[in-house]
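# Task: produce atomic coordinates for the following.
(one chain, ligands or ions: 1)
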Amino acid sequence: MKKIWKCGLIGMLVFGLLTGCGSSPKNAAENGESQDAAGQKLFVCTSFYPMYDFAKKIGGDQIRLVNLVPSGTEPHDWEPSPQDLANLEKADVFIYNGSGMEPWAEKILGALQNEKLAVVEASQGINLLEGNHTRTEEEVEDETPYDPHVWLSPMKAKAEMKAIKEAIVQADPENKAMYEANYQTYAAKFDALDQEFKDTLSPLPNKNIIVAHQAFGYLCADYGLKQVAIEGLSADAEPDPARMAEIIDFAKANSVKVIFFEELVSPKVAESIASAIGAKTAVLNPLEGLNDQQLQAGSDYLSVMRENLQALKTALQ
Ligand SMILES: [Zn+2]
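Okay, here's the model as predicted:
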């Protein structure tokens, strides 16, 4: 009894804090309503951040959305937990990028008992580039020969968002008009982003970027850039001297001023190369996951891609 009372009190306190936090009575009512309706909402699971963000843009508050790879986690080496499998057993729709990005997804999908689950491989039907994205020699063997990082092209990201929209509409046709309207709104924003990349990058004199891992093939293909990846080096390994020398030579020959690194892996190798040639380092985010701080600040695909564009502009001037 005591315990129940305690939980009830904490619940009331939490509810009080949530509703007291600058929300009007109308918002409080909406919160209550959405909690009651949670059981009836379309339950969508996504594999990692870009899939989550695109699904959120389509479904908004109309869907219950769970992203499997936790914030701040690099998704290439991630494996699902029993809790993730439990979510997938209850979900209506599962969205993953595919093309070798989530090797675990194909393995577990066959083992699930969930007969109602609709599965979306968002990169399906998109023209894929060849090229392996893995960092370590051991991983190369079980990867597909294709580059899975399609979402780093705004136009290909739009195509993935469209595939996600179509699956959500099919699973919840009653709310079709809203999902279609959301898609149109964001498709226009993705078009505008693509135009910004074109307008900003095409006049810049330099076209070569040195990046942590080979994630930017589609972005480079769209905007006439060339990536050289510090690959074959695991994130926390000591840099391989031969590869270091190769990259340093390339950087010198092409007057590369900035060595890019990623927030979810150590910048050590990028820093060593930068200091060897007197270059700077900067973040170029492959959007494989955002950290809690970025999520709380309201960052999303569009804002991070604009940060990437600014970083490219500074580096390629
Ligand atoms: Zn990657």
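
# Number of residues surrounding the residue in the stretch 151-300 of the chain that the ion sits nearest to?
Closest approach between the stretch 151-300 of the chain and the ion, counting by Cβ to the ion: residue 215, at 4.4 Å. Backbone N, C-alpha and C define where each C-beta goes, glycine included. If you count neighbours by other Cβ atoms under 10 Å, residue 215 ends up with 24.

# Check residue 314 too.
Residue 314: 13 neighbours (other Cβ under 10 Å).

# What of residue 265?
19.

# is it true that it lies in a helix?
No: Residue 265 sits outside any helix when classified using DSSP: H, G, I helix; E, B strand; the rest coil, being coil.

# For the residue of the stretch 151-300 of the chain closest to the ion, which non-adjacent residue is spatially closest?
residue 286 (3.8 Å; Cβ to Cβ, 6 or more residues apart in numbering).

# before we move on, what about residue 295?
In space, residue 295 is closest to residue 71, 5.7 Å off (Cβ to Cβ, 6+ apart).

# can you give me phi and psi for residue 164?
Dihedral pair for residue 164: phi -70, psi -40, per degrees, to the nearest 10.

# Quick check: it touching residue 54?
Yes: under the criterion of Cβ atoms under 8 Å, residue 164 makes contact with residue 54 at 5.1 Å.

# who has more neighbours, those two?
Each of residue 164 and residue 54 has its neighbours counted (other Cβ under 10 Å); residue 54 has more, 28 against 25.

# list the helices and strands whichever strand or helix holds the more buried one packs on?
For residue 54, the host element (DSSP states H and E) is helix 49-59. If you count contacts as 3 or more Cβ pairs under 8 Å, 6 or more residues apart in numbering; DSSP states H and E, helix 49-59 packs onto strand 42-46, strand 63-67, strand 93-96, helix 154-171, helix 176-201, helix 301-316.

# can you count the residues close to residue 262?
That count, for residue 262 with other Cβ under 10 Å as the rule, works out to 21.

# Return the set of buried residues in the helix holding residue 54.
For helix 49-59, the neighbour count (16 or more other Cβ atoms under 10 Å) marks 49-59 as buried.

# can you check stretch 273-283 too?
273-274, 277, 279, 281-283.

# Ends of it, what's the gap?
15 Å (Cα to Cα, to the nearest Å).

# For that stretch, which outside residues touch it?
By Cβ atoms under 8 Å, 6 or more residues apart in numbering, the residues outside stretch 273-283 that reach it are 210, 230, 239, 244, 247-248, 251-252, 256-263, 267, 270-271, 307, 311, 314-315.

# ok, now with 6 Å
Residues outside stretch 273-283 that contact it (Cβ atoms under 6 Å, 6 or more residues apart in numbering) are 247-248, 251-252, 257-261, 263, 270-271, 311.

# Please identify the nearest residue in space to residue 201, excluding sequence neighbours.
Here the residue nearest residue 201, using Cβ to Cβ, 6+ apart, is residue 223, at 4.7 Å.

# Buried ones only from the contacts of stretch 273-283, please, as a PyMOL command.
Buried subset of the contacts of stretch 273-283, written as a PyMOL selection, criterion 16+ other Cβ under 10 Å:
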select buried, resi 247+248+251+257+258+259+260+261+263+270+311
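
# Lowest pLDDT pick from the contacts of stretch 273-283?
Summarising pLDDT for the contacts of stretch 273-283: the lowest-scoring member is residue 263, with 88.

# Need the contact partners of stretch 244-263.
With Cβ under 6 Å, 6+ apart as the test, stretch 244-263 has contacts from 208, 210-212, 228, 267, 270, 273-274, 276-277, 279-284, 315.

# ok, back up a step: please tell me how far the residue nearest to residue 201 sits from residue 154.
Distance, residue 223 to residue 154, using Cβ to Cβ, to the nearest Å: 10 Å.

# And for residue 100?
On the measure of Cβ to Cβ, residue 100 and residue 154 end up 21 Å apart.

# okay, the two: which has more neighbours?
Using other Cβ under 10 Å as the criterion, residue 100 and residue 154 rank with residue 154 on top: 25 against 21.

# which residues in the stretch 1-150 of the chain form helices?
2-20, 25-37, 49-59, 82-90, 103-109, 137-140 (DSSP state H, counting those that start in this stretch).

# And the ones you listed, which one averages the lowest pLDDT?
The bottom spot among these, by mean pLDDT, belongs to helix 2-20, with a mean of 37.

# before we move on, back to that, backbone torsions only: list them for the residue nearest to residue 215.
Torsion angles, degrees, to the nearest 10, at residue 286: phi -80, psi 10.
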